[in-house]
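Trainee: What follows is a protein structure lacking sequence information:
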C-alpha cells in the first residue's frame, strides 16, 4: 500500500504539487508499497525529489 503524509508550511498552496512530485518519483523507481512522511518547509520540487531518493537509498542500505 502506498501512503503519503505531507506536513508543510505551504500545504494550503502546494499540497497537490508536493504529492505529485512524491508519486512521480516513486513511480520512476518502481516503488508502490511504502509509507512516505514528508515534512516540508517550502522546498523546491527537485529538493523534495532528491531527499526522497536519498531516504529510499538509505532505507534499502539498512534492509539489505
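Mentor: Nice, thanks for sending it over. None of these values were measured; they are calculated from a predicted model.
Trainee: got any ranges where the protein has weak pLDDT?
Mentor: Within the chain, the segments meeting pLDDT under 70 span 64.
Trainee: Point me to the helix or strand that includes the residue nearest the centre of it.
Mentor: Nearest residue to the geometric centre of the chain (Cα atoms, centre = their mean): residue 22, 3.9 Å. Taking DSSP states H and E as the criterion, residue 22 maps to helix 11-28.
Trainee: quick one: the helix or strand that that helix is followed by to helix 11-28, angle?
Mentor: Per DSSP H and E, helix 11-28 leads on to strand 35-40 as the next helix or strand towards the C-terminus. Counting by axes from the mean of the first three to the mean of the last three Cα atoms, to 10 degrees, strand 35-40 lies at 140 degrees to helix 11-28.
Trainee: for strand 35-40, packing partners?
Mentor: The contact analysis (3 or more Cβ pairs under 8 Å, 6 or more residues apart in numbering; DSSP states H and E) places strand 35-40 against strand 3-8, helix 11-28, helix 45-63. The way it works is simple: take the backbone N, C-alpha and C, and place the C-beta from them, glycine included.
Trainee: re the thing from before, give the contact list for the residue nearest to the centre of the chain.
Mentor: 4, 6, 36, 38, 48, 52 (Cβ atoms under 8 Å, 6 or more residues apart in numbering).
Trainee: Go again with 7 Å.
Mentor: The neighbourhood of residue 22, defined by Cβ atoms under 7 Å, 6 or more residues apart in numbering, consists of 4, 36, 38, 48, 52.
Trainee: Between all of those, which two are separated the most?
Mentor: 4 and 48 (11.5 Å; Cβ to Cβ).
Trainee: Neighbour count for these two, which is higher?
Mentor: Taking other Cβ atoms under 10 Å, residue 4 and residue 48 do not tie; residue 48 has more neighbours (20 against 14).
Trainee: wait, doesn't the more buried one sit right on residue 20?
Mentor: No. Using Cβ atoms under 7 Å, residue 48 makes no contact with residue 20, being 10.1 Å away.
Trainee: So what's the residue count around the residue lying closest to residue 17 once chain neighbours are set aside?
Mentor: Nearest non-adjacent residue to residue 17, counting by Cβ to Cβ, 6 or more residues apart in numbering: residue 45, 7.1 Å away. Look at residue 45: counted by other Cβ under 10 Å, it has 15 neighbours.
Trainee: This completes my enquiry, with thanks.
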